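# Mind looking at a prediction? Sequence and model below.
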Amino acid sequence: MVNYPNILLYICLTVNLLKLMKRKLLTILLAVGAIAFANAQTRPGGATDSTRRAPGVMPGTVGRAQPRPYNSVITDKAITRKGMITTHKIEDKYFFEIADTTLGRDILVVSRISKSGADVRAAQGYAGDQIGSSVIRFEKGPNNRIFMRKVSYRTYGPDSTTSMYQSLKNSNIQPIAAAFNIAAYSPDKNGSVIDMTEYINSDNDIFYFSSATAKSRFRLGTQAADRSYILGVRSFPTNVEITAVKTYALTAPTAGPGGAPSSVRGGAGGGSATVELNASLVILPKVPMKSRYFDPRVGYFAVGYTDFDLNPQGVKEIQLVKRWRLEPKPADMAKYKRGELVEPQKPIIFYIDPATPKKWVPYLIAGVNDWAKAFEKAGFKNAVMGKVAPTKEQDSTWSLDDARNSAIVYKPSEIANASGPSISDPRSGEIMESHINWFHNVQKLVHDWYMIQTAAVDSRARKMTFSDELMGDLIRFVSSHEVGHTLGLRHNYGSSSTVPTENLRNKKWVEEHGHTPSIMDYARFNYVAQPEDKISAKGLYPRIGDYDNWAIEWGYRYFPESKSVLSDMAILDKMTTEAAKNRRLWFGTETNPDDPHSQNEDLSDNAMKASDYGIKNLKVILAGLPEWTKEKGEGYENLTTMYGQLTTQFGRYMGHVAKNIGGIYENPKTVDQAGPIYERTPAATQKEAIDFLNRNLFTTPKWLLNQAIMDNIEGNPLEIVARLQGSTLTRLLSNSTLSKLVAAEATDGATAYKITDLFTDLNGAIFAELKANTAIDVYRRNLQKAYIEKLITIVKPAPSPTAINALLVRGSGSSGLTAAQSDVLSVVKGQLKELQGSIKSASNNQADTLSKYHLADLNDRIEAALSVKD
């Protein structure tokens, strides 16, 4: 019999026990949760594991941690650096403490390679190379977050008073690139602390490579996180510097035509490369500098955007020149208006890296100071200067990395170069700072240039180690050139073309005016001067000239009465139109492939005359090289190197001349100026050019094959000559050159130098033996084979994967006429047939066996090329 009261009692006891256990279990679970939460909160940054694994994630995708007391995040172990953004390092963690006054400010981020390994250098990646640039803003988001927006100024309305400005702002929301939990608020509650560690460690496109394309240039693939780390984060009053070591998987070299690697850059993929990268975060001014619009008649670097305000019936592409903010002091404004020279509020100062060898410091400083005179044209004195960087004892706070300090940075590198980059405000073009890269081996570069271009007239250049005085002078010239870039100036390749050739041999004239009006030209040294001219170094070195003075005045003249960019430009337009009357003040672009005036490494207004003088000097130098390159106990490496430099210089002369064939001059003008912008090179000049090439190149330059040199260096004389002749033939017989000759005949008619004129001149020179019925030596046989092969290539071009892919993408349309679509193919076929007839006729009368074999071979090649069979 069941005892119900006992069962009921049992049930009641059980229920009570379960309730008690439930409460205890709940208490235990709450305690465990509290402990877990507390542990999470005591981690640096106060972020949960999921948050820390995914830096910069969008809000709402992970758990959110609440801000904690400042002292529990930024502990007494923190290494703190105050600045634009205060930074804290706690063990291996890095925190940004961002003041509320910094939120919403534009910050320019510029990323560069600061150190590169051999694999990256092989892909042309050097220390100092820029790999990314962007503008960011930090701002507060909901739920205790800080957002980092990536800001684009590609479309922009600078006038905030217009309705278009607000409309553009509303339709151009800036993307959120990253989001961070606020770990703590600063003690005064006017700032936020965020953990930046994982974002800095990540392979992001803000601080490092701006895109996959930027990485692929150096064959860099996926980041190896286990071999990448933060090297340091430093804060300064206007910038933060982030340095990180990154290791990437190496990708395979890019395939060229036929599937072969386009260049030998190591390996077929696999392996890894390690680089040191630097990201500079520079705060931009609250109020942008008044801009200056780009004028193609004056060569300045520029930044650009699409403007929605200037054109009421559309948009306008705006280019702003890059220049420093140079303004008179308020107290000196009246003097400036009266035309008196005044000092600017903030001069441009370049400090010399303390690591620079002491003997070169004065020359680098002189190269900077040489620009001071140019700024006087703009009304400023002491506007630019070079200074020795203070030592730690003199100023313990001074740093090369401080954005307030522009510098010439010495790099103990094998790179034979120097470069003058700068970073600028994309809103106005204002240059914020510059670090000129000065690579140690630039001395080798200028040594070789100077020896090969001037040793015939300057005995100081006839040795492998120059005196400190001579090398110092050459360093000074390179310093001035690179500083010119950092002032905003582009190369002016057309400058040297304004100087009559004979003036370069006139001692009085050239020593007074210099051999080119611009140091921004690539006109290294006066190779036209002859030994009998007795011209001193003053007439051999480049210098800041008339164009440079004018360009600085154009870019830096301050207009106190002008209140807008447009009124500034109206004044400048009048100045530029007046200056254009003097050809020495013209800017010749560095990018025009058609203009014979716009060439690097050339001199004078006539490449043929200048090159004839240059070759005369090369013959003197060639004879002296065996003696001048000797160093006791050494082999013939010096002779090999300098002979290579000499043949390269000879090749430059050939290139300077060849560009006249099919040349089109570009004259920088606006619609307000009379005369055409584009003019074809006169037929007489083109005829002079082809006669020069026939005389100096296609007639074998056997003087280059000095036996005393060839006996002591490795090199095949046939290959040396073939390389020089082949490169010039490639240019002359390119579809571009031949098409321009066809177009010139269509435009100028009988006065043009026609495509048939070119072939008549070439055939007569290259196949002179056919008419004379003489033996053809090995050099000429090789030249004739090369010529025929290039013509055959026009008739039957080999299809390349690149061309096929391009055709598939573009369809039947193209950017220009191919040889088959124009008279080029018709003329080339006709020339081959005429040559074939001459070859057959000459072959019957040719007594020399090798010449006979050669002509029979040429006939067979032409026959095969003209055959209808594929």
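Yep, it's here. Residues are numbered from 1 along each chain as shown.

# helix/strand/coil for Glu679?
strand (DSSP: H, G, I helix; E, B strand; the rest coil).

# Quick check: closest non-adjacent residue to it.
Counting by C-beta to C-beta, 6 or more residues apart in numbering, Tyr665 is the residue found nearest to Glu679 once chain neighbours are left out, at 4.5 Å. The way it works is simple: take the backbone N, C-alpha and C, and place the C-beta from them, glycine included.

# Okay, now the unreliable bits of this protein?
Where the chain drops to pLDDT under 70, the residues are 1-64, 117-128, 155-172, 253-270, 308-315, 800-815, 868-870.

# again, only this time at 80
Where the chain drops to pLDDT under 80, the residues are 1-65, 116-129, 154-173, 212-213, 252-270, 305-316, 412-416, 799-816, 868-870.

# Break it down into its domains, please.
1-42, 49-283, 292-605 (automatic domain parsing).

# so which of those domains is the most packed in?
Among the domains of the chain, ranked by average contacts under mean count of other C-beta atoms under 10 Å, first place goes to domain 292-605 (a mean of 19).

# Endpoints of that domain, how far apart?
32 Å (C-alpha to C-alpha, to the nearest Å).

# okay, how far is it across stretch 525-533, tip to tip?
Counting by C-alpha to C-alpha, you get 15 Å between the two ends of stretch 525-533.

# who touches that stretch?
449-450, 453-454, 456-457, 501, 504-507, 510, 515, 535, 539-542, 603-604, 610, 613-614, 616-617, 620, 649 (C-beta atoms under 8 Å, 6 or more residues apart in numbering).

# Now find how far off-centre that stretch is within its chain.
Put simply, stretch 525-533 sits 32 Å off its chain's centre (C-alpha atoms, centre = their mean, to the nearest Å).

# picking that back up, so what are the sheet partners of the helix or strand where the residue nearest to Glu679 lies and their directions?
Using DSSP states H and E, Tyr665 sits in strand 664-666. If you go by DSSP bridges, strand 664-666 pairs up with strand 678-680 (antiparallel).

# For the strand it pairs with, list every residue counted as buried.
Neighbour-count burial for strand 678-680, counted by 16 or more other C-beta atoms under 10 Å, picks out Arg680.

# to the chain's geometric centre, what's the distance from that strand?
With C-alpha atoms, centre = their mean as the basis, strand 678-680 stands 29 Å off its chain's centre.

# what's it in contact with?
Contacts of strand 678-680 (C-beta under 8 Å, 6+ apart): 663-667, 744, 747-748, 752.

# let's go with 10 Å and repeat that
Strand 678-680 is contacted by residues 594-595, 662-667, 686, 740-741, 743-744, 747-748, 751-753 when judged by C-beta atoms under 10 Å, 6 or more residues apart in numbering.

# Sort out which of those residues are in helices and list them.
Per DSSP state H, helices hold the following members of the contacts of strand 678-680: 686, 740-741, 743-744, 747-748.

# I only care about those residues that end up buried; give me the ChimeraX line for that.
Typed into ChimeraX, the line below selects the buried ones among those, using 16+ other C-beta under 10 Å:
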select :686,740,741,743,744
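
# Switch the ones in helices among the contacts of strand 678-680 over to JSON lines; also include distance to Ile242.
JSON lines is the format used below for those (distance: C-beta to C-beta, whole Å):
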{"residue": "Gln686", "distance to Ile242": "55"}
{"residue": "Lys740", "distance to Ile242": "50"}
{"residue": "Leu741", "distance to Ile242": "55"}
{"residue": "Ala743", "distance to Ile242": "53"}
{"residue": "Ala744", "distance to Ile242": "55"}
{"residue": "Thr747", "distance to Ile242": "56"}
{"residue": "Asp748", "distance to Ile242": "59"}
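
# now, which of the ones in helices among the contacts of strand 678-680 sits nearest Ala302?
Lys740 (28.7 Å; C-beta to C-beta).

# Who are the contact partners of Val409?
Neighbouring residues of Val409 by C-beta under 10 Å, 6+ apart: 127-128, 351-353, 355-356, 400, 434-439.

# Pull up the pairing partners for the one helix or strand it maps to, direction included.
For Val409, the host element (DSSP H and E) is strand 406-411. In the sheet, strand 406-411 lines up against strand 348-352 (parallel), strand 435-439 (parallel) (DSSP bridges).

# Let me have those strands in a markdown table, extended by distance to Asp711.
Output for the strands paired with strand 406-411, formatted as a markdown table (distance: least, C-beta to C-beta, whole Å):
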| stretch | distance to Asp711 |
| --- | --- |
| strand 348-352 | 46 |
| strand 435-439 | 35 |
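
# for the ones you listed, which one sits closest to Asn417?
Taking C-beta to C-beta, strand 435-439 is the member of those nearest to Asn417, at 5.4 Å.

# what about the very next helix or strand once past that closest one, distance to the chain center?
Next along the chain after strand 435-439, taking DSSP H and E as the criterion, comes helix 442-454. On the basis of C-alpha atoms, centre = their mean, helix 442-454 sits 22 Å off its chain's mean C-alpha point.

# can you check stretch 841-857 too?
The answer for stretch 841-857 is 52 Å, by C-alpha atoms, centre = their mean.

# circling back to that earlier point, from the contacts of stretch 525-533, which land in strands?
Among these, no member falls in strands (criterion: DSSP state E).

# Give me the number of neighbouring residues for the nearest residue to Pro676 once chain neighbours are set aside.
What sits nearest to Pro676 in space, not counting adjacent residues and going by C-beta to C-beta, 6+ apart, is Asn667, at 6.9 Å. Counted by other C-beta atoms under 10 Å, the residues lying close to Asn667 total 18.

# Verify the stated contact: Asn667 with Ala580.
Yes: with contact defined as C-beta atoms under 10 Å, Asn667 reaches Ala580; the gap is 9.1 Å.

# residue contacts, Gly339?
Neighbours of Gly339 in contact, by C-beta under 10 Å, 6+ apart: Gly379.

# Wasn't it part of a strand?
No: judged by three-state DSSP, Gly339 forms no part of a strand; its state is coil.

# ok, and the closest residue to Lys115 other than its chain neighbours, which helix or strand is that part of?
Distances taken as C-beta to C-beta, 6+ apart put Glu276 closest to Lys115, at 3.7 Å, once the chain neighbours are dropped. Assessed by DSSP H and E, Glu276 sits inside strand 272-283.

# got the angle for that strand vs strand 435-439?
Orientation of strand 272-283 against strand 435-439 (axes from the mean of the first three to the mean of the last three C-alpha atoms, to 10 degrees) gives an angle of 150 degrees.

# so how far is strand 272-283 off the chain centroid?
18 Å.

# Over to stretch 198-212?
Centre-to-centre, stretch 198-212 and its host chain are 22 Å apart (C-alpha atoms, centre = their mean).

# got it, and stretch 364-378?
With C-alpha atoms, centre = their mean, you get 24 Å for stretch 364-378.

# Same question for stretch 744-756.
Offset of stretch 744-756 from its chain centre (C-alpha atoms, centre = their mean): 37 Å.

# Make sure Ile98 is indeed in a strand.
Yes: looking at Ile98 with three-state DSSP, it is inside a strand.

# show me what contacts it?
Ile98 neighbours (C-beta under 10 Å, 6+ apart): 84-86, 105, 138-140, 146, 148, 180, 182, 186, 191-194.

# before we move on, back to that, show me the contact partners of whichever helix or strand comes after the strand holding Val409.
Counting by DSSP H and E, the element after strand 406-411 in chain order, helix or strand, is strand 418-419. Strand 418-419 is contacted by residues 126, 128-130, 408, 411, 435-439, 441-442, 445-446, 475, 478-479, 481-482, 485-486 when judged by C-beta under 10 Å, 6+ apart.
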